[in-house]
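S.K.: The following block contains a protein sequence and its predicted model.
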Amino acid sequence: FVALNKVSTVQYFVWYFALLPIAVARGESWSRRWVTACAAAWVCGLAAWLGTAYHLEFRGWPVWLTLQCASAMLFFAHMILIVALLRHAKLVD
């Protein structure tokens, strides 16, 4: 729902909080390396997307191709986060 939405705003990211209790309650403890990698991928994707969207919306710069690349980067970061949460919750092998 969050990754495939046409409008990406911060309040949609709260949906991930619904998966956190499931992932924490099941399985073993998280690897610090894996948590860092997931968080870094998501933060980098979000920063790239928000920065590019700012330049497009508020400055009027023609950054359409950069925005498409940043959108793809954010989409893959969302997928990494979802797969990590589902695998840790042992809902997916």
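M.R.: Nice, thanks for sending it over. Numbers count the residues shown, from 1 in each chain.

S.K.: all contacts plus neighbour counts: C-alpha atoms, from now on.
M.R.: Will do.

S.K.: so what's residue 59 scoring on pLDDT?
M.R.: pLDDT for residue 59: 95.

S.K.: next one: residue 93
M.R.: Looking at residue 93, its pLDDT reads 55.

S.K.: neighbours around residue 31, how many?
M.R.: Residues lying near residue 31 (other C-alpha atoms under 10 Å) number 9.

S.K.: Could you do residue 76 as well?
M.R.: With other C-alpha under 10 Å as criterion, residue 76 counts 16.

S.K.: And it, how far from residue 45?
M.R.: From residue 76 over to residue 45 the distance is 8 Å, taken as C-alpha to C-alpha, to the nearest Å.

S.K.: just residue 83 next, same as before
M.R.: Remark: distance between residue 83 and residue 45 (C-alpha to C-alpha) = 16 Å.

S.K.: Compare neighbour counts for the two and give me the winner.
M.R.: Using other C-alpha under 10 Å, the more surrounded residue of residue 83 and residue 45 is residue 45, with 22 against 16.

S.K.: residue contacts, the more buried one?
M.R.: Contact analysis of residue 45 by C-alpha atoms under 8 Å, 6 or more residues apart in numbering lists 70, 71, 73, 74, 75, 77.

S.K.: by contact count, what packs against the helix or strand harbouring residue 68?
M.R.: Element membership for residue 68, per DSSP states H and E: helix 64-88. Counting by 3 or more C-alpha pairs under 8 Å, 6 or more residues apart in numbering; DSSP states H and E, the packing neighbours recorded for helix 64-88 are helix 20-25, helix 32-57.
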